[in-house]
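Colleague: heads up, no residue letters with this:
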C-alpha cells in the first residue's frame with residue numbers, strides 16, 4: 001500500500017497532463033480573448049492599439065447582433081420548454097412497464113450521436129422536400145427557419161435528456177409512492193406531489209444542459225439556414241454564436257466579433273447561474 005503523501009504525488013502526476021492541456025487549450029485562449037477585445041486588430045499577430053470599450057460600444061450599435069440576441073433568447077425559451085417536456089413525458093412513459101422500453105430508449109437516444117453538421121444537412125433535405133409543396137424554403141421564410149431549428153434540436157436533444165429523466169424516475173424511493181397511495185393519492189397527485197419534487201435534481205441538470213446547448217448552437221444553424229433570409233442587410237434566423245463567427249471572419253469587424261464573444265460569455269454565465277440557483281432551491285432530500 002502506498003503512503004498517503006505518495007498517493008497524492010501519483011495523483012498529481014496523472015492529473016498534470018490533462019490540466020496542462022486544459023490551460024493551453026482553454027484557459028490561455030480565454031484570457032487572451034478577453035484582452036484582445038480591448039484592442040483594434042484584424043489578425044492577432046498584428047494588433048494596432050488599445051481602444052478600451054470601443055469594440056463593445058460598436059457591438060451594441062450593430063443591429064444584426066442585437067437581433068441575434070433577441071432571436072436567441074426566444075429560441076432558448078422555446079427550446080428548453082419543449083425539449084424538457086418531451087423528454088420528461090417520454091421518460092415517464094418508458095418507466096411504467098411498456099413492452100420493449102429498452103428498444104424505445106435506444107431509438108430515442110440515437111439522434112444525439114449524430115454530429116451537428118450532418119444533422120443540419122439531413123433536416124435541410126427533409127424540410128426542403130416538405131416545404132417545396134408550399135412554395136417556400138427555410139432560407140426564404142424566417143418563421144419556418146425558426147421552427148426548423150426548434151424541431152431539429154428537439155429531435156437531437158430530447159433522447160439524451162430522456163436518459164437523465166429515466167435515472168431520476170428510477171431513483172425515487174418506492175416507499176414514498178406506497179405512503180401516498182395509502183393516503184388516497186391518485187396518479188395525477190402522485191406525479192405532481194411525489195414525482196416532480198423528487199425529480200428536481202434531474203430537472204436542474206436537464207434545464208442547464210438544454211439552456212447552454214441552445215445558446216451555443218452553431219453547426220445546425222449554419223447548415224440549416226445560414227442565418228437567412230437577409231432583410232435590409234440583417235440575418236433573420238441567426239443565433240448569437242453564428243453572428244459572432246461571421247463577424248470574426250470578416251476582416252473589418254474581427255475586433256467587434258471578439259467583444260461580442262465576451263458579451264456572449266457573460267450572458268450565458270449569468271443566465272445559467274440564475275437557472276441553477278432557482279431550480280436547486282426547489283430540490284428536496286429523499
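Modeller: Sure thing, it's come through. Because the structure is a prediction, the values reported are computed rather than measured. Numbers count the residues shown, from 1 in each chain.
Colleague: Find the residue closest to the residue most central in space within the chain in space, skipping its chain neighbours.
Modeller: Centroid-nearest residue in the chain: residue 213, 1.0 Å away (criterion: Cα atoms, centre = their mean). Using Cβ to Cβ, 6 or more residues apart in numbering and skipping residues adjacent in sequence, the residue nearest residue 213 is residue 157, 6.3 Å away. Heads up, the C-betas are built off the backbone N, CA and C, glycines and all.
Colleague: now the helix or strand containing the residue nearest to the centre of the chain: how far from the chain's centre is it?
Modeller: Using DSSP states H and E, residue 213 sits within helix 200-216. Chain-centre distance of helix 200-216: 7 Å, with Cα atoms, centre = their mean, to the nearest Å.
Colleague: Average pLDDT for the helix or strand just after it, rounded please.
Modeller: Using DSSP H and E, the helix or strand that directly follows helix 200-216 along the chain is helix 219-224. Averaging pLDDT along helix 219-224 gives 91.
Colleague: Which strands or helices does helix 219-224 pack on?
Modeller: helix 116-131, helix 142-171, helix 240-249 (3 or more Cβ pairs under 8 Å, 6 or more residues apart in numbering; DSSP states H and E).
Colleague: How far away from the center of its chain is the helix or strand harbouring residue 21?
Modeller: Using DSSP H and E, residue 21 sits in helix 4-22. Distance, stretch centre to chain centre, for helix 4-22: 31 Å (Cα atoms, centre = their mean).
Colleague: In that helix, which of the residues would be classed as buried?
Modeller: By neighbour count on 16 or more other Cβ atoms under 10 Å, the buried set for helix 4-22 is empty.
Colleague: what's the helix or strand just after it packed up against?
Modeller: Going down the chain from helix 4-22, the next helix or strand is helix 28-36, by DSSP H and E. With contacts defined as 3+ Cβ pairs under 8 Å, 6+ apart, the packing partners of helix 28-36 are helix 254-280.
Colleague: switch the cut-off to 10 Å
Modeller: Applying 3 or more Cβ pairs under 10 Å, 6 or more residues apart in numbering; DSSP states H and E, we find helix 28-36 packed against strand 47-50, helix 254-280.
Colleague: buried stuff in the longest one?
Modeller: Think helix 254-280. Those would be 254-264, 268, 275, 279, for helix 254-280 by 16+ other Cβ under 10 Å.
Colleague: Could you dump those into TSV and include distance to residue 246 and pLDDT?
Modeller: Compiled in TSV, the buried residues of helix 254-280 are given as follows (distance: Cβ to Cβ, whole Å; pLDDT from 0 to 100):
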residue	distance to residue 246	pLDDT
254	11	85
255	14	86
256	11	88
257	8	88
258	13	90
259	14	92
260	10	92
261	12	91
262	17	93
263	15	93
264	13	94
268	18	93
275	28	91
279	33	87
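Colleague: Which single one of the residues you listed is nearest to residue 209?
Modeller: In terms of Cβ to Cβ, no member of the buried residues of helix 254-280 lies closer to residue 209 than residue 275, at 10.6 Å.
Colleague: quick one: that closest one and residue 211 touch, right?
Modeller: Yes - with contact defined as Cβ atoms under 10 Å, residue 275 counts as touching residue 211 (5.8 Å).
Colleague: what residues do these two have in common as contacts?
Modeller: Residues touching both residue 275 and residue 211 (Cβ atoms under 10 Å, 6 or more residues apart in numbering): residue 80.
Colleague: Poorly predicted segments of the chain, please.
Modeller: 1-6, 284-286 (pLDDT under 70).
Colleague: How many residues are close by residue 79?
Modeller: 22 (other Cβ atoms under 10 Å).
Colleague: Name the residues of the helix or strand hosting it that come out as buried.
Modeller: According to DSSP H and E, residue 79 maps onto helix 63-93. Within helix 63-93, the residues scored as buried using 16+ other Cβ under 10 Å are 64-65, 67-69, 71-72, 75-76, 78-80, 82-84, 86-88, 90-92.
Colleague: Likewise for stretch 103-121?
Modeller: Buried-residue list, stretch 103-121, by 16+ other Cβ under 10 Å: 104, 105, 108, 111, 112, 116, 119, 120.
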